[in-house]
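>>> After the sequence you'll find the predicted model.
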Amino acid sequence: MVDLSTTYMGLKLKNPIVPSASPLSASLDSIKRMEDAGAAAVVLHSLFEEQIEFEAEALAHFLEHGTYSYAEALTYFPAHHEYRREPKEYVEHIRRAKEAVDIPIIASLNGVSLGGWTGYARQFQEAGADGVELNVYFLPTNPHLNGAEVETLYVDILKSVKEQVTIPVAMKLSPYFSALPHLASALDAAGADALVLFNRFYQPDIDIERLEVVPNLQLSTPVEMRLPLRWIAILYGRVRASMALTSGVHSAEDVIKAVMVGADVAQVCSVLLKQGIGAISELLAGMRAWMEEHEYESVAQMKGSMSHRSCPEPAAFERANYMKVLNSYK
Amino acid sequence: MTERRMVTIDGNEAAAYVAHKVSEVIAIYPITPSSPMGEHADDYSAAGETNIWGTVPVVVEMQSEAGAAGAAHGALQTGALTTTFTASQGLLLMIPNMFKIAGELTPTVFHVSARTVATHALSIFGDHSDVMAVRSTGWALLASNSPQEVQDLALIAHAATLEARVPFVHFFDGFRTSHEINKVEQLTIEDMRAMIDDELVLAHRARALNPERPVIRGTAQNPDVFFQAREACNPFYLKTPDIVQKTMDKFARLTGRQYHLFDYVGAPDAERVIVMMGSGAEVAHETVEYLVERGEKVGLLKVRLYRPFSIRHFIEALPESVKILAALDRTKEPGAAGEPLYQDCMTAVTESGRPIRVIGGRYGLASKEFNPAMVKGIFDEMARANPKNHFTIGIVDDVTHSSLEYDPTFNIEADDVVRAVFFGLGSDGTVGANHNSIRIIGEETGLYAQGYFQYDSKKAGTVTVSHLRFGPRPIRQTCLIESASFVACHQFVFLEQFDVLEKAAPGAVFLLNAPYGPNEVWDRLPAKVQQQIIDKGLEFYTIDAYRVAKETGLGVRINTIMQTCFFALSGVLPRDQAIAAIKNAIEKTYGRRGEAVVQQNFAAVDQALANLFRVEVMDRVTSQLPMRPAVPPEAPEFVQKVLAPIMVRQGDRLPVSVFPPDGTFPPATTQWEKRNIALEIPVWEPEICIQCAKCSMACPHAAIRFKIYDPALLKDAPPTFKYDKARGKEFEGLVATIQVAPEDCTGCGLCVHACPAKDKREPKRKAINMTFQPPIRETERENYRFFLSLPDFDRSQVKINTVKGSQLLRPLFEYSGACAGCGETPYVKLLSQLFGDRAVIANATGCSSIYGGNLPTTPWATNADGRGPAWSNSLFEDNAEFGLGFRLTIDKQSEYARELVERLRGAIGDELADGLLQADQSSEAGIAAQRARVAELKARLAHLGTPEAVQLQSIADMLVKRSVWILGGDGWAYDIGFGGLDHVLSLGRNVNVLVLDTQVYSNTGGQMSKATPRGAVARFAAAGKPVPKKDLGLIAMTYGNIYVAQVAMGANDTQTVKAFLEAESYDGPSLIIAYSHCISHGINMRTAFDQQQLAVDSGAWILYRYDPRRAAQGLNPLQLDSKAPKIPFKDYAYNETRFKMLTQSDPERAAYLLELAQKDVDSRWRMYEQLAALDYSQG
């Protein structure tokens, strides 16, 4: 029997498969089914800073809009004594998820600024979350903002959250940094317990008939895995923090690749949305079969074996790889 | 014993608090100004608050006040402690049940915020005409004069009725008391327990209908016995005054507040005494004390128990010294020997044999101001040798000369009372902030506080005036502030519009929100304002509150900023204490809505203090700026003399003689009221425009218009006037213009959002774009003036069945006072374009009657020929019947006219007679031809002079096809007027009904109607409406001979136009149900048409037309104009606060109701799909 166990952000996990933040984990039932299917931990759907702020402002605006203007209709809505606003609902969801399953629950916080929202992490911890994943969704559109400032923002947000909690904190990053290892080291130094590579920005489409920008959700494809695969291979051994590979993990082979380049866990989402939560069992079974067939004893044994540091041809992860691909077209 | 709290509440809340605590069943229906009582009761029960017996009262909204009274009657008969709340017409609808309830000696209390009954006009404001109309029902009438008394006498009424078995109307003045916030010592549960005798409650239950021990009640009696049986109740009425006094005494022992059936105030040796009831008595009370201190022998007798009227108690309460009484009635009974209270006083004095002279007078109708100066004026009149009887006070009656003269400068305001007046906009949050200030001072300090608020007659760009008093003693000044120690003007533009500083006392503080710095602001003031500041020695402060609001993320909400400045300057509280209190209030108000909002407001408080500056006042006037005239000089005389003063808040000064005695006003007057309320207006880009006219179609205010005309007319065009070659073959050689009315536009942006044309190089630029108004105001004003001078396109040459064609027709409904972005008015305007020149409109009371008919100016307009919609509002409940009456007259008189044409054939000629009688009026051309024939007929008749010719002359216009429209909201059509609507539709007569379905009672503040969809939060459905929306269209379709259409202009404007034309052309009843987005949905009004699209896409609103004419052709009458639902109901609903808020207050229930609402949508679509697929080919 192969040993699939791994350690991720200080949490002992029974295997390296963790469903990533997605709408699936908004349902308690889905979380239970994830556990039943063999998931080692669950990252909850994200609590969005922008959503919280937007909803608070929208509610305040619309409850007051048009009030005290006309004598017959001084207000338009009944007074509700309390609004169960986020993060209350989210915190309650963590508590219930913890009661429902035995696997670790990792809360996810999505934000773009240094603000009160980082304080939500403490509430997550109090509700029993085993860890927090920070998803800093920042699109630097301001031409006066340089790369160093953007990196500093990420580090400061991490520090601010680390001050709030004792549970481990993971940082989910986008691939759009000019010097990712430098940022990774800085985050490592700031106490990141894990790095999650990479966040997929949902890229909007445009409608050429209506001349409009339209939001568009595209699920990941296996080919997208190449980018995080390369960077985890490069970062492995260079940072203290654990690493999770996310984007494009669709098969058992993908999970094995993730582990081999140095990921402690592989996060899955699109495959579950496409094939259902039961896909986790298939991934695990496939992993076991492959490992048995290839006589691997444990995940620990293969972890990092194909990293930049350990692989037989490190240069292939660098420019040479690009050269090789081009050559293959000839 | 629980300690009593001091609370700052208004009269409505005071009444609802007690009523909810001592009732089991509460039947409600919204009507201003009583609606908040029902809303409070519903909120209490929704929040699980119990009555004094520990159970949550059941609150049920009925379809009308008649329904509420019926339900109350039934609940009482079966033994429940029952109450309701109402006013005005609502109380009148309860009268039949009230006779029954009293006749059966049933204990109950109806709380009434007394309001004017509609006569020559509707008024939502306060007087006693409603309660006086129920004098004969046999109910006790108990009057409260202030919020404290409302609370106290509410409990006394509930306690006394149980013993007396006579039902009580407990009333107080609408608005002046119902909406005045004042400091009240709140009764505790123990107080109420002590006052309500459970033995009497049990006795009430024991009399209930109960099959275990049955009785029969409600028999029919005959001439032999009815009379005697009716007299059998006398002992109960004879005992009631003593029971009430006994209850008042018990209450006094409990609380220390002693009331009497008649409370006397004043000199023990008074010779002149005023008798009155209601809020005016508070003003009279203060004035009497003031005058007595100065040696005058005057007094006031406050009537509390008006019915049963106890002559003994009345006479005993009067000092022996009294020589003359003035009975003041807040009502008018034309034709009576005197008003009711006067007649009662006369009777009482006569029966007592006391040598007292009695005079009577009217005051305060429809909340007309009643103040100490008027009280003094009445006492002065009473001192005359021959005082005027049947006088009026507070107006100038230059017709029958009933009015008393008085010195308006007489003022008794005490110096130790802070008197603050705030001028604000509805949208800037001024009133909300003042509510907060009153609570802060009233509940956190030992000071007493009072707040009263004046609102606008429009719903967009509304001006509010807040009157706040703070002082060391209870505040009885139930009148507007005449001498303010603090004046705040929250909008700079007000300074040029009306006299903001008129009421500023010498040395007062003046706070101005201005977009200028402290060094610049002085020179920006109109000359008159500078003069007033100098003359009155005002301390002048300024702040650029909009800049501070923008910088702190509050947008245009300057409420917190201005409130902070008030506290900083007024000195009501020490500054630090005040700031801490404001922040505490912010936390309370906004805390439950999210931390971000709280932080923004905190920042605004700090920044307000940093940006508040004192302005150095010059010693001379430096400004040349004049006040802006209310209307242009070319406005008609009536507008100049009557409407213009009302516009500039001087309507109180108009004398009786200027008013039409029967309430008839000229149309088309909104055009003279240039309100300039839009910060941004749309500007047309001809090169991008495709001339679809969707902008004009969407505009709720007829402020963006479309014309096609001969380019030769452009020779006098202003230099910046825009035009382009008209598109479309039929317009070859012509030019087109889309023009905005810059001073009438409300800036809602609905047109820009509806515009489909985008600049190919820069798609964010459309064919119309919002642009800052002030720099283009003058040029666009000239352009619009020129545009209006261009001729309208010939109606008979337009394809009116298209959106574009319909928009070439002149709107005859323009610049109404509806909310910016209103979802109703685009339909109303379309109606006016298509049929306005021959329409007679019956308008149910509601939003559409308010924006359609509220003074000073009204939007129903006329075309170049002087024709236009003839419009009237009868009531809320009878509109279908009212409109049917129009039809009956038209049918009868057109029939008679045709008979006369036939009889006079010889005199007018066969050709004309045949032409008139056989005219095809199914097209605009046909109608134009018939109009020409009628003109010819009138010319020929003028020479005949026979009696029949005179008869025909008077009704000849009836030979032109008239279009009867019955207009109203869903509250009318689905609820209160449904019975009448159903009957009118069933009669087969040619009437057109337009239901402006906002799915809620919009005009009274968003109460649930039967049109409210499942899951939506509304007033009276605080926990989300649990049952589905009624399908009015389907009900109408079951008759088979009614044209029915459901439309949503924002989703399909072509279908809307088609439905209007089909409905009108159908020679039978037609019903159009129009989806009308509304501010009460909690949506972005600018993008509201998107929401209409989502309503249709989700299946929440199915578009269809049911045309009975199709059945005759073997076709299914029902045509679905929208497709099967393609998005979940949630994607539509959760864009709206009314649905979304429940997900945040009760997520589990929201999810449950959402699931049911989705099922409603799915099953309704399946049913319609099947109905539309039925085979009619076999007949």
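Right, received. Where do you want to start? As the structure is a computational prediction, the values presented were derived from the model and not from experiment.

>>> from here on, contacts and neighbour counts on C-alpha atoms
OK.

>>> you'd agree residue B:464 is in a strand?
Yes - counting by DSSP: H, G, I helix; E, B strand; the rest coil, residue B:464 is located in a strand.

>>> how near is it to residue B:451?
From residue B:464 across to residue B:451, the span is 13 Å (Cα to Cα, to the nearest Å).

>>> Same check on residue A:210?
Note on residue A:210: its distance to residue B:451, by Cα to Cα, is 52 Å.

>>> The host helix or strand of residue A:18: partners in the sheet, and parallel or antiparallel?
Take DSSP states H and E as the rule and residue A:18 turns out to sit in strand A:17-19. Strand pairing for strand A:17-19, using DSSP bridges, gives strand A:265-268 (parallel).

>>> Which positions in the stretch 201-330 of chain A make contact with chain B?
Contact residues (Cα under 8 Å from any Cα of the partner chain) of the stretch 201-330 of chain A with chain B: residue A:211.

>>> Find the closest residue to chain B in the stretch 201-330 of chain A.
residue A:211 (6.4 Å; Cα to the nearest Cα).

>>> one step back: so for residue B:464 and residue B:451, which residue has more residues nearby?
Using other Cα atoms under 10 Å in any protein chain shown as the criterion, residue B:464 and residue B:451 rank with residue B:451 on top: 28 against 25.

>>> Bridged to that one, which residues?
Counting by DSSP bridges, residue B:451 is bridged to residue B:181, residue B:468.

>>> Contact partners for it?
If you count contacts by Cα atoms under 8 Å, 6 or more residues apart in numbering or on different chains, residue B:451 has them with B:180, B:181, B:182, B:434, B:435, B:438, B:466, B:467, B:468, B:469.

>>> what about 7 Å?
B:180, B:181, B:182, B:438, B:467, B:468, B:469 (Cα atoms under 7 Å, 6 or more residues apart in numbering or on different chains).

>>> Residue A:71 versus the most centrally placed residue in chain B, what's the distance?
Central residue of chain B (Cα atoms, centre = their mean): residue B:1003, 5.6 Å from the mean position. According to Cα to Cα, residue B:1003 and residue A:71 sit 10 Å apart.

>>> Hmm, residue B:1049 is touching residue B:1056, no?
Yes - using Cα atoms under 7 Å, residue B:1049 is in contact with residue B:1056, at 5.8 Å.

>>> more neighbours, the two?
Neighbour totals were compared for residue B:1049 and residue B:1056, and residue B:1056 leads with 27 against 22 (other Cα under 10 Å).

>>> Quickly find the element holding that one.
Using DSSP H and E, residue B:1056 sits within helix B:1053-1065.

>>> What score does residue B:236 have for pLDDT?
We have a pLDDT of 98 for residue B:236.

>>> Which residue, neighbours along the chain excluded, lies closest to it?
residue B:164 (6.3 Å; Cα to Cα, 6 or more residues apart in numbering or on different chains).

>>> residues in chain B within reach of chain A, list them.
By the rule Cα under 7 Å from any Cα of the partner chain, the part of chain B lying against chain A is B:32-33, B:43, B:426-427, B:431-432, B:455-456, B:459, B:462, B:464, B:592-594, B:596-597, B:763, B:1003-1006, B:1018-1019, B:1022, B:1079-1080, B:1082-1083, B:1137, B:1144-1145.

>>> In JSON lines: the contacts of residue B:451, plus neighbour count and pLDDT.
Converted to JSON lines, the contacts of residue B:451 look like this (neighbours: other Cα atoms under 10 Å in any protein chain shown; pLDDT from 0 to 100):
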{"residue": "B:180", "neighbour count": "23", "pLDDT": "98"}
{"residue": "B:181", "neighbour count": "29", "pLDDT": "97"}
{"residue": "B:182", "neighbour count": "30", "pLDDT": "97"}
{"residue": "B:438", "neighbour count": "23", "pLDDT": "93"}
{"residue": "B:467", "neighbour count": "24", "pLDDT": "98"}
{"residue": "B:468", "neighbour count": "26", "pLDDT": "97"}
{"residue": "B:469", "neighbour count": "23", "pLDDT": "97"}
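
>>> List the buried residues of stretch A:212-219.
The neighbour-count check on stretch A:212-219 (16 or more other Cα atoms under 10 Å in any protein chain shown) flags nothing as buried.

>>> starting at the chain centroid, how far to it?
20 Å (Cα atoms, centre = their mean, to the nearest Å).

>>> Tell me how many other residues surround the residue of the stretch 201-330 of chain A closest to chain B.
15.

>>> quick one: contacts for it?
So residue A:211 contacts residue B:763 (Cα under 7 Å, 6+ apart).

>>> Next: residue B:1086.
Residue B:1086 is in contact with B:748, B:749, B:750, B:753, B:821, counting by Cα under 7 Å, 6+ apart.

>>> Can you tell me the SS state at the first one?
Right, the one you point to is residue B:748. coil.

>>> Kindly provide the distance from it to chain A.
13 Å (Cα to the nearest Cα, to the nearest Å).

>>> residues contacting that residue?
With contact set as Cα under 7 Å, 6+ apart, residue B:748 has these partners: B:820, B:821, B:1086.

>>> Report how many residues lie close to the nearest residue to the last one once chain neighbours are set aside.
Which is residue B:1086. Leaving aside its chain neighbours, residue B:1086 sits nearest to residue B:750 (4.8 Å; criterion: Cα to Cα, 6+ apart). When neighbours are defined as other Cα under 10 Å, residue B:750 has 24 of them.

>>> could you say which helix or strand contains the residue sitting furthest away from the middle of chain B?
Using Cα atoms, centre = their mean, the residue of chain B lying farthest from its centre is residue B:906. It sits 54.8 Å away. Here residue B:906, judged by DSSP H and E, is contained in helix B:905-908.

>>> Spatially nearest residue to residue B:1132 (excluding sequence neighbours)?
Leaving out its chain neighbours, the residue that sits closest to residue B:1132 by Cα to Cα, 6+ apart is residue B:1094, at 5.2 Å.

>>> Counting by contacts, list what the helix or strand where that neighbour lies packs against.
In this assignment (DSSP H and E), residue B:1094 forms part of helix B:1088-1097. Helix B:1088-1097 sits against helix B:1129-1133, with contacts defined as 3 or more Cα pairs under 7 Å, 6 or more residues apart in numbering or on different chains; DSSP states H and E.

>>> avg pLDDT for the helix it packs on?
On average, the pLDDT along helix B:1129-1133 is 97.

>>> list the buried ones in it?
Buried residues in helix B:1129-1133, counted by 16+ other Cα under 10 Å: B:1129, B:1130, B:1132, B:1133.

>>> Not counting that helix itself, show me its contacts.
By Cα under 7 Å, 6+ apart, helix B:1129-1133 touches B:1091, B:1094, B:1095, B:1098, B:1100, B:1139, B:1158.

>>> Please name the residues that touch residue B:15.
Applying Cα under 7 Å, 6+ apart, the residues contacting residue B:15 are B:150, B:151, B:154.

>>> Swap in 6 Å and give it another go.
By Cα atoms under 6 Å, 6 or more residues apart in numbering or on different chains, residue B:15 lies in contact with B:150, B:151.

>>> for the one 3 residues further on, same thing?
When the contact criterion is Cα under 6 Å, 6+ apart, residue B:18 has no partners at all.

>>> How far off centre is the one helix or strand it maps to?
Using DSSP H and E, residue B:18 maps to helix B:11-21. From the chain centre to the centre of helix B:11-21 is a distance of 22 Å (Cα atoms, centre = their mean).

>>> any idea which helix or strand comes after that helix?
strand B:25-28.

>>> what secondary structure does residue B:325 sit in?
Going by three-state DSSP: residue B:325 is strand.

>>> What separation do you get for it and residue B:389?
11 Å.
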